[in-house]
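**Q** From the sequence below, what's the structure:
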Amino acid sequence: MPKSADRGRRTREQLIEAAAQLVGEVGWGAVTTRLVAERAGVNAALVHYHFSSVPDLLSTAALQFAERALAEAADGLRSSEPSQGIERMLEDLSRFTGTDPESLLLAEAFLAAHRLPELRASLAALVADFRGRVAEWLRSAGVKDADAIALLLGAAVDGLVLHRALDESVDFRVVAGPFRRLVAG
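**A** Numbers count the residues shown, from 1 in each chain. The predicted structure is shown next:
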């Protein structure tokens, strides 16, 4: 790959990282071309060279993070039986406080998705894929109602993070027992 293409790819990655950080700090609606360019250490014109708009950049940042996080979570479940997978899921989830930059990026993206149909469709596809992967994992372990339980687990994870954002004393471990019973084959 030519050096200019490498430089362009690195600049694009810097812009995505800067945008993701800024959403958590100032909110989706307050991120501007100037703020992203300053954070990334590049000329502001490069934002619009690489992305059609700031919402396009923010959507790309949110989708990249969501895709990576959901894939890691689903892949982590595959290597364990359901009750161990629940423990691992709750342990991994504990890194999200609800007020950390990653939680805020996803929360803001879900809100923005109501105004941005392409973002909504892409997030919906990622979430559906995650549910499908969880359901397949559950089915392979003989869990009944795997699709419904995968939906409940996904919604519970989202809700737990939202609850923790409002009440930092929320301890995800208290739901381990009920979740283990839910996935008992």
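
**Q** Give me the residues contacting stretch 48-64.
**A** Residues from elsewhere that reach stretch 48-64, judged by Cβ atoms under 8 Å, 6 or more residues apart in numbering: 8, 11-12, 15-17, 19-20, 23, 28, 31-33, 36, 47, 105-106, 108-109, 112, 116, 118-119, 122-123, 126. (Glycine included, C-beta is placed from N, CA and C.)

**Q** Kindly apply the preceding question to stretch 3-23 instead.
**A** For stretch 3-23, the surrounding residues in contact (Cβ under 8 Å, 6+ apart) are 1, 30-31, 35-37, 39-42, 46-47, 50-51, 54, 57-58, 60-62, 64-65, 101, 104-105, 108-109.

**Q** out of these, which are inside helices?
**A** Of those, the ones assigned to helices by DSSP state H are 35-37, 39-40, 46-47, 50, 54, 57-58, 60-62, 64-65, 101, 104-105, 108-109.

**Q** Weed out the non-buried ones from these.
**A** Neighbour counting over the ones in helices among the contacts of stretch 3-23 (16 or more other Cβ atoms under 10 Å) leaves 35-37, 39-40, 46-47, 50, 54, 57-58, 60-62, 65, 104-105, 108-109 as the buried ones.

**Q** mean confidence score for stretch 97-111?
**A** Averaged across stretch 97-111, pLDDT comes to 91.

**Q** and whichever strand or helix holds residue 149, how far out from the chain's middle?
**A** Under the criterion of DSSP states H and E, residue 149 resides in helix 146-166. Put simply, helix 146-166 sits 13 Å off its chain's centre (Cα atoms, centre = their mean, to the nearest Å).

**Q** just checking, what packs against the very next helix or strand once past that helix?
**A** Using DSSP H and E, the helix or strand that follows helix 146-166 towards the C-terminus is helix 176-182. If you count contacts as 3 or more Cβ pairs under 8 Å, 6 or more residues apart in numbering; DSSP states H and E, helix 176-182 packs onto helix 82-93, helix 146-166.

**Q** What count of nearby residues applies to residue 85?
**A** Residue crowding around residue 85 was assessed by other Cβ atoms under 10 Å; the count is 23.
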